[in-house]
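>>> Show me how the following folds:
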Amino acid sequence: MPKKKVLIADDDPDILDVIKITLGDDYDLIEAHDGQEALDKAKQSNPDLILLDHQMPKMTGRQVCAILRGDVLLSHTPILLVTGKGELEDRVKGIEAGADDYIVKPFEPEELLARVKMIMRRTEMDMDANPLSRLPGNVSIQRAIQEKIVRGAPFAVCYADLDKFKSLNDRYGFDKGDEVIRETARILVESVQKLGSYGDFIGHIGGDDFIFVTAVDRIEPVCENIVKEFDKRIKKFFPPEDVERGYFIGKDRAGVEGKIPLLSISLCGVTNKERKLDHVAQVAGIAAELKEYAKKISGSCYIIDRRKE
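Alright, predicted model coming up:
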């Protein structure tokens with residue numbers, strides 16, 4: 001995998017040397033020695049992060065920052081501003097101009113590296129987040145599962161899917177569907193936070209498909225709580241007469257109108273307790289098998305794969 005690009009801009013050669021020594025092993029560095037050069041190289045190289053000294057010839061870091069935030073192609077590029085010890089006002093103005101964070105000179109190399117990594121990680125998550133639920137998307141999901149696989153410790157992955165969601169969208173409109181998606185996200189987050197383990201992950205694959213990663217011994221209680229809360233809270237999205245009947249009049253996937261059961265949720269859990277999991281696609285494949293079976297069950301349910309190798 002190619003290294004991420006970091007544009008470093010400073011007119012002090014000693015500071016540039018420190019930055020190069022600190023970041024050079026982890027990132028592909030592009031140098032600039034004044035504000036104008038920093039702006040030009042940012043447009044040429046499209047870096048993943050820009051490290052700007054506040055006081056530079058030709059153009060200050062704050063001025064460069066303000067121009068970059070007005071550039072459509074570079075407006076989301078994270079910027080770390082480097083300021084002097086007594087430049088509090090400059091720091092404030094830098095943040096107002098659009099800088100994501102700042103670091104004060106003289107800085108410890110370890111702090112600089114930690115801040116760069118933190119901003120990179122936060123930016124990736126923000127760019128990957130689902131715009132509706134604000135949960136991490138597919139890039140973060142694959143990374144979360146792969147990290148568990150590499151560690152080799154016991155873990156569980158659970159895929160969540162809503163039943164009859166398309167029929168609800170067709171009958172009540174996409175705004176209603178969006179409300180259901182957001183409520184489902186809340187139920188998953190609350191359940192995992194309440195009954196999961198430290199460091200658990202929750203993601204939104206897209207549409208009405210979600211995922212969470214937890215400890216093997218926590219997946220069952222989390223699933224039980226999700227099913228209970230979903231069945232209780234989904235009723236508020238339907239008219240009282242539909243809730244009383246237990247169905248609404250709508251079209252199925254074939255376009256045939258009829259009685260459609262109220263929405264339910266299907267949860268499919270995959271663990272490495274009984275079998276070795278080697279890659280993300282394998283996990284998704286097992287979940288797809290379980291989902292096919294779960295869809296045949298009436299109402300909300302969860303299935304956890306307990307098959308051995």
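
>>> low-confidence ranges in the protein?
For the chain, applying pLDDT under 70 flags the ranges 1, 72-73, 85-97, 309.

>>> Which stretches in this protein count as helices?
For the chain, applying DSSP state H gives helices covering 13-23, 35-45, 61-69, 88-97, 109-128, 138-151, 165-172, 174-195, 219-233, 240-245, 280-294.

>>> Indicate which one of the ones you listed is closest to residue 260.
helix 165-172 (4.6 Å; Cβ to Cβ). Using the backbone N, CA and C atoms, a C-beta is placed for each residue, glycine as well.

>>> List the contacts of the closest one.
176-177, 180, 207-208, 237, 248-253, 260, 263 (Cβ atoms under 8 Å, 6 or more residues apart in numbering).

>>> out of the residues you listed, which are buried?
177, 180, 208, 237, 248, 250, 260, 263 (16 or more other Cβ atoms under 10 Å).

>>> Contact partners for the first one?
By Cβ under 8 Å, 6+ apart, the contact set of residue 177 is 165, 168, 169.

>>> Leaving out the residues flanking it, which one is nearest to the spatially most central residue of the chain?
Central residue of the chain (Cα atoms, centre = their mean): residue 136, 1.9 Å from the mean position. Closest residue in space to residue 136, ignoring its immediate chain neighbours: residue 203 at 4.6 Å, by Cβ to Cβ, 6 or more residues apart in numbering.

>>> distance of that neighbour from residue 228?
According to Cβ to Cβ, to the nearest Å, residue 203 stands 22 Å off from residue 228.

>>> So for the two, which residue has more residues nearby?
Neighbours were counted for residue 203 and for residue 228 using other Cβ atoms under 10 Å; residue 203 has more, 27 against 13.

>>> if I read this right, residue 260 contacts residue 247, doesn't it?
Yes. Here residue 260 reaches residue 247: they are 5.8 Å apart, a contact under Cβ atoms under 8 Å.

>>> picking that back up, now render the buried ones among the contacts of helix 165-172 as CSV, adding distance to residue 128.
Shown next, in CSV, are the buried ones among the contacts of helix 165-172 (distance: Cβ to Cβ, whole Å):
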residue, distance to residue 128
177, 22
180, 22
208, 19
237, 28
248, 34
250, 33
260, 33
263, 27
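
>>> Please identify which of those residues is nearest to residue 15.
Distances from residue 15 to the buried ones among the contacts of helix 165-172, taken by Cβ to Cβ, are shortest for residue 208, at 50.7 Å.

>>> so what's that closest one up against?
Residue 208 makes contact with 161, 162, 165, 180, 181, 184, according to Cβ under 8 Å, 6+ apart.

>>> residue contacts, the last one?
Residue 184 makes contact with 160, 162, 208, 210, 230, 265 under the criterion Cβ under 8 Å, 6+ apart.

>>> if we go to 10 Å?
Counting by Cβ atoms under 10 Å, 6 or more residues apart in numbering, residue 184 makes contact with 133, 160-162, 165, 204, 208, 210, 226, 229-230, 233-234, 263, 265.

>>> per-domain residue ranges of the protein.
Annotated domains of the chain cover 5-128, 138-304 [automatic domain parsing].

>>> Could you list the residues in contact with stretch 105-120?
Outside stretch 105-120, the residues within contact range by Cβ under 10 Å, 6+ apart are 4, 6, 10, 12, 15, 18-19, 21-23, 25-27, 48-49, 51, 53-54, 78-80, 82-85, 87, 100-104.

>>> Recalculate using a threshold of 7 Å.
By Cβ atoms under 7 Å, 6 or more residues apart in numbering, the surrounding residues in contact with stretch 105-120 are 4, 6, 18, 22-23, 48-49, 78, 80, 82, 84-85, 100-101, 103.

>>> And that stretch, what's buried?
Under 16+ other Cβ under 10 Å, the buried positions of stretch 105-120 are 112, 113, 115, 116, 119, 120.

>>> any idea how far residue 16 is from residue 61?
From residue 61 to residue 16 the distance is 14 Å (Cβ to Cβ).

>>> So which of those two has more stuff around it?
residue 61 (28 against 19).

>>> And the more buried one, how far from residue 179?
For residue 61 relative to residue 179 (Cβ to Cβ), the value is 43 Å.
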